[in-house]
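>>> next one to model:
(one chain, ligands or ions: 1)
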Amino acid sequence: MVVLAVHGGAGGDGPWRGMTDADPQRIACMQTLLTDLGAQLASGELTATEAVTLAVETMEDEPLFNAGKGSVLDEHCEVSMDASIMRGSDQAAGAVIGMKSTRHPVRAANRLLVRGWPVMLTGSAADRFAKQEGLEQVDLPWLKTDLRLAQWSKWKNHRLRPGATDEEDALLDHDGDDDGWGTVGAVAMDTDGNLAAATSTGGMTGKPVGRVGDTGIIGAGTWADNTIAVSCTGVGEAFIRTAAAHSMAVHHQTLSLIQAAERVLEDVKPFEGRGGLIALNAQGEVVMPFQTMLMYRGVYQGGETQVGIGPEFIQS
Ligand code: ASP
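Numbers count the residues shown, from 1 in each chain. Just a heads-up that it's a prediction; the model follows:
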């Protein structure tokens, strides 16, 4: 049995208000990649590690998600991207922080995982490594979209307190009245029963320059071992402070998968955290809980693909 699950970020408050005009494009992106990569996983063509990398790369290329092209903009109206990946069988990992010119940050993280050392690279060194690895380089205008500029202007006009660097001033993607777009992540199990997880983001709109969220941190935004694979989304600071993705693995030693996931989301609350996660265990169970208005998400399992935004999966 193989499984592939993805998320496209969580956010918003109150009851889900239904699909926006842009949602069909996000749904189509998830549906297509789950069906295609799911079939390749099922035929044994892809390892779990390669499947999560390809899934996240596809979502990095979709400008409506907050990763790669279409990443949200920081306080200086620039893009800086974080990503991480982990392989369950041997806990090999790769992570990149603050990338500015690499089209697919998750592929750079994957290359670090494959090389084995170091686990983590930051800033221009991460982009330089990616370039040396032959990964495609792009410029800021290519990464920036009109939609993100509009979102940033709104943040700048309404939310910015001069000199503020706290997280109240940094909008979680999908928050506010804006149509939302989110951080992306994937978990998978391949025909050998191996697990993997990957996550990629542009962070939060208006984030201070140099701010690092949970997405690029192994154990916070991403975790995989031989029992579980986890990818988180939400207010990164709270997920870092609770080592959320790793604590999911620890909780699952004594709790069911859904109980463990709900516990992780409870744990982030006292730290002003909220969001969601996707998790998959070695038995092939998947959970995708969230405590926000929505979380873009989908799963390929047993040859079938399901996607959702609000509380229920969308009936196709
Ligand atoms: N966790 C991401 C961060 O804090 C944001 C998100 O998931 O939307 O950078």
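>>> next, count neighbours for the nearest residue to residue 242 once chain neighbours are set aside.
Taking Cβ to Cβ, 6 or more residues apart in numbering, and ignoring the residues beside it in sequence, residue 242 has residue 267 as its nearest neighbour in space, at 4.6 Å. In this view, the C-beta of every residue, glycine as well, is placed from N, C-alpha and C. Other residues within reach of residue 267 by the criterion other Cβ atoms under 10 Å amount to 19.
>>> going forward can the numbers begin at 370, since that is how I track them
Shifting the count to begin at 370 puts that one at residue 636.
>>> for residue 636, give me its contacts.
Under the criterion of Cβ atoms under 8 Å, 6 or more residues apart in numbering, the neighbours of residue 636 are 611, 613, 616.
>>> is the lowest-mean-pLDDT helix or strand in the chain anywhere near the ligand?
Of all regular secondary-structure elements in the chain, judged by mean pLDDT, DSSP states H and E, the least confident is helix 515-527 with a mean of 89. No: using Cβ under 6 Å from any ligand atom as the criterion, no contacts between helix 515-527 and the ligand are found, and the smallest distance is 12.8 Å.
>>> gap between whichever helix or strand comes after that helix and the chain center?
If you walk from helix 515-527 toward the C-terminus, the next helix or strand you reach (DSSP states H and E) is strand 553-558. Relative to its parent chain, strand 553-558 has a centroid offset of 9 Å by Cα atoms, centre = their mean, to the nearest Å.
>>> elements contacting strand 553-558?
For strand 553-558, the helices and strands in contact under the criterion 3 or more Cβ pairs under 8 Å, 6 or more residues apart in numbering; DSSP states H and E are strand 372-380, helix 417-430, strand 564-570, strand 597-603, strand 644-650.
>>> save the ones you listed as JSON lines, and put in distance to the ligand, mean neighbour count and mean pLDDT too.
Formatted as JSON lines, the entries for the helices and strands packed on strand 553-558 read as follows, by distance: least, Cβ to the nearest ligand atom, whole Å; neighbours: other Cβ atoms under 10 Å; pLDDT from 0 to 100:
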{"stretch": "strand 372-380", "distance to the ligand": "5", "mean neighbour count": "29", "mean pLDDT": "96"}
{"stretch": "helix 417-430", "distance to the ligand": "13", "mean neighbour count": "26", "mean pLDDT": "98"}
{"stretch": "strand 564-570", "distance to the ligand": "5", "mean neighbour count": "33", "mean pLDDT": "98"}
{"stretch": "strand 597-603", "distance to the ligand": "4", "mean neighbour count": "32", "mean pLDDT": "97"}
{"stretch": "strand 644-650", "distance to the ligand": "6", "mean neighbour count": "28", "mean pLDDT": "97"}
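>>> just put these in TSV and tack on distance to residue 558.
Conversion of these to TSV gives the following (distance: least, Cβ to Cβ, whole Å):
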stretch	distance to residue 558
strand 372-380	5
helix 417-430	6
strand 564-570	5
strand 597-603	7
strand 644-650	6
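>>> ok so, going back, can you pick the most crowded of the contacts of residue 636?
For those, neighbours were counted by other Cβ under 10 Å; the highest total belongs to residue 613, with 29 neighbours.
>>> how close does it get to residue 562?
For residue 613, the distance to residue 562 (Cβ to Cβ, to the nearest Å) stands at 25 Å.
>>> what about stretch 611-621, average pLDDT?
Taken as a whole, stretch 611-621 carries a mean pLDDT of 98.
>>> next, see if it gets close to the ligand.
No: using Cβ under 6 Å from any ligand atom, stretch 611-621 stays clear of the ligand, coming no nearer than 9.6 Å.
>>> follow-up on the earlier one: which SSE is the residue nearest to residue 611 in?
Secondary structure assigned from DSSP H and E places residue 636 in helix 626-637.
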